[in-house]
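[1] only geometry, no sequence info:
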């Protein structure tokens, strides 16, 4: 499910990332920071250095709020002639539909599991990645909806792949750090 699928005037389709991103991040942050700050307060209160710990806690809380706002502003906008993606940090990528040379939808295994998530790659005529939509952030229905709106042919490998296999078949689709990690795991 997506947070919301809105249709704006002039055939603009706005797609949002998965709802669970914020809730999972909040649970992970609480699981990490509650015990950490309890110990820091326990150690700092007798020494009267707890205001410093409070400042650090406020800083981490502010970062969490910035993250939440960033996720809430993430969007994928598809128009008849353009695709725009707003990332977590606010970076906007605009791609004209005419600039898309090919589209690849790959099912990638998650590391250490048998679960697969879709990854959509929009490539230019030279095969360079214009936009990458990861299944960790964008739901399958959102990715499929974007493909339908684009109206371009999609290459779908028949079987799910690992990152290492994708790096061997199409190295330009895998980021450098992921290629290096995949080589280390082999």
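    Everything's here; your move. Please read all numbers here as calculations on a predicted model, not as lab measurements. Numbers count the residues shown, from 1 in each chain.
[2] now the strands for the protein?
    Ranges of strands in the chain, per DSSP state E, are 5-8, 12-15, 75-78, 82-86, 92-96, 102-109, 116-123, 129-134, 154-155.
[3] out of those strands, which comes closest to residue 171?
    strand 129-134 (11.0 Å; Cβ to Cβ). The way it works is simple: take the backbone N, C-alpha and C, and place the C-beta from them, glycine included.
[4] ok so, going back, now the strands of the chain as CSV including mean neighbour count?
    CSV is the format used below for these (neighbours: other Cβ atoms under 10 Å):
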stretch, mean neighbour count
strand 5-8, 11
strand 12-15, 18
strand 75-78, 21
strand 82-86, 18
strand 92-96, 13
strand 102-109, 19
strand 116-123, 21
strand 129-134, 17
strand 154-155, 12
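[5] who wins for proximity to residue 40 among the ones you listed?
    For the strands of the chain, the distance to residue 40 is smallest for strand 129-134, at 34.2 Å, taking Cβ to Cβ.
[6] so the closest one versus strand 82-86, what angle?
    60 degrees (axes from the mean of the first three to the mean of the last three Cα atoms, to 10 degrees).
[7] Run through who's touching strand 129-134.
    Residues from elsewhere that reach strand 129-134 (Cβ atoms under 8 Å, 6 or more residues apart in numbering): 76, 83, 85, 93, 95, 99-100, 117, 119-124, 142-143, 146, 172-173.
[8] Quick check: which ranges of the chain have low pLDDT?
    Applying pLDDT under 70 to the chain picks out residues 1-10, 176-186.
[9] Residue 33 and residue 53: what is the separation?
    Distance, residue 33 to residue 53, using Cβ to Cβ, to the nearest Å: 11 Å.
[10] For the residue nearest the centre of the chain, which non-adjacent residue is spatially closest?
    Centrality entry for the chain: nearest residue to the mean C-alpha point is residue 137, 3.8 Å, by Cα atoms, centre = their mean. Distance criterion Cβ to Cβ, 6 or more residues apart in numbering; nearest residue to residue 137, sequence neighbours excluded, is residue 17 at 4.8 Å.
[11] Right, I'll call it a day here.
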